[in-house]
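*Asks:* no sequence for this one, just the structure:
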């Protein structure tokens, strides 16, 4: 006769002849991990479809991912660009309403975009006089695509602001915090994961691998439709680092004391000629936390195999 007693992470079998055998129950670890707060690093090239993946795929692999918060320097960049537009609106409101003053404003606010082109603010004195009363938000919306969306001089500031906000988001994220990033610099991402671990988060990395040429095409399309583009050179510059970076996250996950608990690798499967026609297929899902728990406990649990 065999009697079975289940605990939170093990099953104990009691035999009628007095032998007791302790068996780890991996499914219990899996369940407990799913119940933890999750910090999910979503890595991939610009225009690889990370935001779309969050909405369409995330809950399939992280069922508790509802009401999650996303931290992304690109999102902060948009906020920073909006603030810049508000500053410009205030400056235009207060300066002399003359052609000379406007020409100086245009000269002072000219910048170089990622493609190396000089970009001048499209506002004119005539437009300003006719539309000033519509307000600052109308001003931003009118010139967002043509001017503010490609204002990447503010990217460094946006990243600094995003780093400051990250600490707050750890405390207010609820069950799931998604870090939407290129992820090509593991040292920076792993530091954030350590902060998350200290706050009780389980940490995972999702790598969305999409061909460089499709990301470049998607970025160009995004630039044409919304004005927001990072440029071919930036995407190509990241491309060579992606596989190496993901390998570093897997290596961290394989450590006994690693901060990465799970790594998921997806590859893009095209179903049509357009950059966004296709889907991501799962290549590998490594639950490092499970391997870690099993390895750590086998020795101690096997020592509990006692013959009475």
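*Replies:* Happy to help now that I have it. These figures come from a predicted structure and were not determined experimentally.

*Asks:* Look up how far residue 218 lies from residue 226.
*Replies:* Distance, residue 226 to residue 218, by Cβ to Cβ, to the nearest Å: 12 Å. Quick note: C-beta positions are derived from backbone N, CA and C, even for glycine.

*Asks:* who has more neighbours, these two?
*Replies:* Set residue 226 next to residue 218 and count neighbours by other Cβ atoms under 10 Å: residue 218 wins out with 21 against 11.

*Asks:* The more buried one: helix or strand, and which one exactly?
*Replies:* Taking DSSP states H and E as the criterion, residue 218 maps to helix 212-226.

*Asks:* Kindly calculate the angle that the helix or strand following that helix makes with helix 212-226.
*Replies:* Using DSSP H and E, the helix or strand that follows helix 212-226 in sequence is helix 232-254. Here the directions of helix 232-254 and helix 212-226 differ by 120 degrees (axes from the mean of the first three to the mean of the last three Cα atoms, to 10 degrees).

*Asks:* Helix, strand or coil: sort out the residue nearest the centre of the chain for me.
*Replies:* The chain has residue 180 as the residue nearest its centroid, 1.2 Å off, counting by Cα atoms, centre = their mean. When classified by DSSP: H, G, I helix; E, B strand; the rest coil, residue 180 comes out as strand.

*Asks:* so what's it scoring on pLDDT?
*Replies:* pLDDT recorded at residue 180 is 83.

*Asks:* Low-confidence regions, the stretch 101-250 of the chain specifically.
*Replies:* 114-115, 152-174 (pLDDT under 70).

*Asks:* What are the boundaries of the strands in it?
*Replies:* 111-112, 118-119, 176-181, 201-209 (DSSP state E, counting those that start in this stretch).

*Asks:* beta partners for the residue nearest to the centre of the chain?
*Replies:* Assessed by DSSP bridges, residue 180 has beta-bridge partners residue 42.

*Asks:* My read is that it contacts residue 54, right?
*Replies:* Yes - with contacts counted by Cβ atoms under 8 Å, residue 180 reaches residue 54, the gap being 7.2 Å.

*Asks:* quick one: residue 189 from residue 182, how far?
*Replies:* For residue 189 relative to residue 182 (Cβ to Cβ), the value is 10 Å.

*Asks:* residues shared between the contacts of the two?
*Replies:* Counting by Cβ atoms under 8 Å, 6 or more residues apart in numbering, the shared contacts of residue 189 and residue 182 are residue 43.

*Asks:* follow-up on the earlier one: now distance to residue 59 too, for the strands of the stretch 101-250 of the chain, in a markdown table please.
*Replies:* Formatted as a markdown table, these follow (distance: least, Cβ to Cβ, whole Å):
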| stretch | distance to residue 59 |
| --- | --- |
| strand 111-112 | 40 |
| strand 118-119 | 40 |
| strand 176-181 | 10 |
| strand 201-209 | 13 |
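
*Asks:* what's the most buried one of these?
*Replies:* strand 201-209 (a mean of 25; mean count of other Cβ atoms under 10 Å).

*Asks:* Many thanks, I have nothing further to ask.
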